[in-house]
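In: Here's a sequence, model it:
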Amino acid sequence: MSNLEKIRNIGIMAHIDAGKTTTTERILFYTGKNYKMGEVHDGAATMDWMIQEQERGITITSAATTCEWLKHQINIIDTPGHVDFTIEVERSLRVLDGAVGVFCAVGGVEPQSETVWRQADKYKVPRIAFVNKMDRVGANFDEVIEEIKSKLGKKAAAINYPIGSEENFVGVADLVTKKKYVWKGNDNGEKFELTDWTPAEAEEFSIYRDVLIENLADYDDQLADLFLNGEDIPADKLRAAIRKATIKDDFIPVLTGSAFKNKGIQPLLDAVIYYLPSPIDIGPIKGHNAKDTSEEMERNPDPKELFSGLAFKIFTDPFVGSLTYVRIYSGELKVGNQIYNPLQNKKEKVNKLLRMHANKREEIASASAGDIVAVTGLKFTLTGETLCLEHKPIIFDLMEFPETVISIAVEPKTADDEKKLLAALQQLKTEDPSFKFVDNKETGQLLLFGMGELHLEIITDRLLREFKVGVNIGSPQVSYRETIETPATASHTYRREIGGKNQFGHCELEVTPTGDDSEVSVSIDFRPKAEFPKDYLKALEKGIRDAAPGGVLAGYPFLGIKVSVKNAEWNQEESSELAYAIASSMAFKEACRKAKAKLMEPIMDLEVVVPGDFTGEVIADLNSRRGKILNMEPKQNKEVISSEVPLGQMFGYSTDLRSKTQGRASFSMKFKHYEKMETKLMNEVLIKRGLLLP
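Out: Numbers count the residues shown, from 1 in each chain. Here you go, the predicted model:
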């Protein structure tokens, strides 16, 4: 579709179990993309196509599809709700123009809802909200809107309102058009009655319509004047004001329904078309000149512009090989085109262009600005990298990937598995930038690092099922960090003969704790003589930065240290970059030993939702895990307990919580920061790792 005004690139995002995938299934059914509805609980949802997703009833990987509504093309990405797979949300939001936030009418704004909302804030993605599960006991539409305003910090108002709730939920009142949608019978929700409000309904729902108009008055002076003069505001005028405020990312229109009961999806689709932006509304995308990154450049969303796009996801398809998902921002891309990756300085060839429908593929000859497609044949491009034309290269901002906080040790079961293991892990790392692995030569262990226990469970499951690699798995380990307690200085002179040539480098430096968990910073704090080569200064800094990922206590990366290079001696005959890099790295580690190195442990943000009967037992358990209770607030007939807990105390918590609360409590956990450990606890860790004698 070349008419950019008729394209919507949207994501469906929410907390786990709010109903994202069910909502997407209904969208695909009503738009005619699917001829039947797949259910998550049956393992038959179109967008949850991975075997691991079907078994667990959760979304693990973001899946893309395309459908049509009101003669518009909607490109949809269904994202995971589990915090372990937050990278999938991050990279999807990076390339989307708009999003639908799905909220549970009972649970409201839950922890992962807040996380994905902040990610959308970062990329300034306009959103609409869909309050799902209005048929559930305890559903409260007004309360969810209040939570959206208070917890997510956005102006929000209903644009349709539920008619009834819980088992009496039958439809929605459209506050824009003053009509009501009522679903009856058991026809998959395809048919509904669309009628005008009755006088009694007009009296009830006009209150909510006035609230909507008051929220929009700040964005439209003409609307405000009509409202203040008591004049009736026509639907098209109100619709234009909602669209304007939503695209400015200042206002959230809120709709409601029950995806599982097939109610409210058609008005949601209308809202996607009416209120979320097209690529034209988003405007030019900014980037930097690949040859001079200080120079800003931009590309307009126009098929006639020079081609540019962003590779935001890589996946290996068993039939067509490596697929690179690309959002095209400008120009046109055709099969057989040669394109350029400025970050890798490599040319790439487009072998095939595919329009994806979850794991199904449709070959196309070309795609243009506004499209989201999969490309085969790209050999060098990684997630987050820009693709463009070589004669006028541009680089779009890179993505940020989250910190891994947990690891497991694996070893291949057989010699055949050993041959295949590293290649399989490299492929998984290419697909998932939040996964890392390190082959520790000293211990002989292969360590896999991930975002949580479930993340690593899925990785090892895929190793066996997809790559046919058998591994023995060690118990999960915390990924600690190291820091220092006091300032210290050290110097090191490196002098050695290598290949018949003397190598000399001398460095004096000071390390100072910053008191936080920031990256190691390096500054050159002496005035070198005019003839002191700049390359040697760079080598001094490089030596320290290369040493920072390996601490002096247990080999964990250093954090929270400021390094000041105080002096460096230079010998014209013998000095070399290698010698300075080695001297500075040795001086850095020596200074850190003197500065009382300490371990830092990852502290997690934990939110537990628990029935009141079990609150005391859950709090006592958190205290025994060195948790700090930050806040408690009642919600429905439950308590929401917010706390900070060391990750090392949380392995197996899911099982423990279930047994303590008869399976009636739930929790959400995400990384917050690193914190220094007490000496006694630190020594226990080092003894357990065999790095300190008992």
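In: rest of the way, CA atoms for contacts and neighbours
Out: OK.
In: Would you map the strands across the stretch 151-300 of the chain?
Out: Under the criterion DSSP state E, counting those that start in this stretch, the stretch 151-300 of the chain contains strands at 155-158, 160-163, 171-174, 179-182, 193-196, 251-256, 285-289, 296-299.
In: Would you format the ones you listed as TSV with mean neighbour count included?
Out: Below are the strands of the stretch 151-300 of the chain laid out as TSV (neighbours: other C-alpha atoms under 10 Å):
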stretch	mean neighbour count
strand 155-158	24
strand 160-163	24
strand 171-174	24
strand 179-182	21
strand 193-196	14
strand 251-256	26
strand 285-289	16
strand 296-299	16
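In: Mind checking those for the one nearest to residue 573?
Out: Between residue 573 and these, the shortest separation by C-alpha to C-alpha is 40.1 Å, and it involves strand 285-289.
In: any idea how far residue 192 is from residue 184?
Out: 7 Å (C-alpha to C-alpha, to the nearest Å).
In: Check which residues of the helix or strand containing residue 502 are buried.
Out: Following DSSP states H and E, one finds residue 502 within strand 501-513. Within strand 501-513, the residues that count as buried by 16 or more other C-alpha atoms under 10 Å are 503-513.
In: send the alpha carbons of the helix or strand just after that strand over as PDB?
Out: Where DSSP H and E defines the elements, the next helix or strand beyond strand 501-513 is strand 521-524. Only the C-alpha atoms of strand 521-524 are listed here, as PDB (Å, rounded to 0.1, in the frame of the first residue of the first chain):
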ATOM      1  CA  SER A 521      34.800   6.300  34.000                       C
ATOM      2  CA  VAL A 522      38.400   7.200  33.000                       C
ATOM      3  CA  SER A 523      40.000  10.600  32.800                       C
ATOM      4  CA  ILE A 524      43.600  11.700  32.000                       C
END
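In: Report the mean per-residue pLDDT for whichever helix or strand comes after strand 521-524.
Out: Using DSSP H and E, the next helix or strand after strand 521-524 towards the C-terminus is helix 534-547. Average pLDDT, helix 534-547: 93.
In: quick one: buried residues of helix 534-547?
Out: Buried residues in helix 534-547 (16+ other C-alpha under 10 Å): 536-537, 539-545, 547.
In: Just the residues contacting stretch 460-470, thanks.
Out: For stretch 460-470, contacts defined as C-alpha atoms under 8 Å, 6 or more residues apart in numbering pick out 52, 412-414, 417, 420-421, 424-425, 471.
In: all helices of the stretch 1-150 of the chain, in order?
Out: For the stretch 1-150 of the chain, applying DSSP state H, counting those that start in this stretch gives helices covering 20-30, 51-56, 86-93, 111-122, 141-152.
In: Nearest to residue 163, out of those?
Out: Minimum separation from residue 163 across the helices of the stretch 1-150 of the chain (C-alpha to C-alpha) falls at helix 141-152, 10.7 Å.
In: which strand residues sit across from residue 360 in the sheet?
Out: Counting by DSSP bridges, residue 360 is bridged to residue 357.
In: What pLDDT does the model give residue 37?
Out: 55.
In: ugh, wrong one, I meant residue 57
Out: Predicted confidence (pLDDT) for residue 57: 59.
In: Helices of the stretch 201-350 of the chain, start to end?
Out: Counting by DSSP H, counting those that start in this stretch, the helices of the stretch 201-350 of the chain are 221-228, 235-247, 265-275, 279-282.
In: mind listing what's buried in the first one?
Out: Pointing back at helix 221-228 there. Buried residues in helix 221-228 (16+ other C-alpha under 10 Å): 223-224, 227.
In: packing partners for it?
Out: On a contact count with 3 or more C-alpha pairs under 8 Å, 6 or more residues apart in numbering; DSSP states H and E, helix 221-228 meets helix 199-216, helix 235-247.
In: what does the shortest one give?
Out: Using 3+ C-alpha pairs under 8 Å, 6+ apart as the contact definition, the elements that helix 279-282 packs against are strand 7-14.
In: and if we set it to 10 Å?
Out: On a contact count with 3 or more C-alpha pairs under 10 Å, 6 or more residues apart in numbering; DSSP states H and E, helix 279-282 meets strand 7-14, helix 235-247.
In: now the second one
Out: With contacts defined as 3+ C-alpha pairs under 10 Å, 6+ apart, helix 235-247 has these neighbours: strand 127-132, strand 155-158, helix 199-216, helix 221-228, strand 251-256, helix 265-275, helix 279-282.
In: May I have the strands that pair with the first one, each with its orientation?
Out: The reference is to strand 127-132. strand 98-104 (parallel), strand 251-256 (parallel).
In: so how far is the longest one from its chain's centroid?
Out: Averaging C-alpha positions (C-alpha atoms, centre = their mean, to the nearest Å) puts strand 98-104 15 Å from its chain's average.
In: so what's residue 524 bridging to?
Out: Beta bridges link residue 524 to residue 565, judged by DSSP bridges.
In: and residue 22, how many neighbours?
Out: Neighbour count of residue 22, defined by other C-alpha atoms under 10 Å: 24.
In: swap in residue 555?
Out: For residue 555, using other C-alpha under 10 Å, the count is 13.
In: ok so, going back, need the overlap of contacts for residue 184 and residue 192.
Out: 171, 263 (C-alpha atoms under 10 Å, 6 or more residues apart in numbering).
In: Please list all residues in contact with the residue nearest to residue 558 when sequence neighbours are not counted.
Out: Computed as C-alpha to C-alpha, 6 or more residues apart in numbering, the closest residue to residue 558 that is not its neighbour in sequence is residue 482, at 4.6 Å. Neighbouring residues of residue 482 by C-alpha under 10 Å, 6+ apart: 517, 548-561, 592, 597-601, 674-677.
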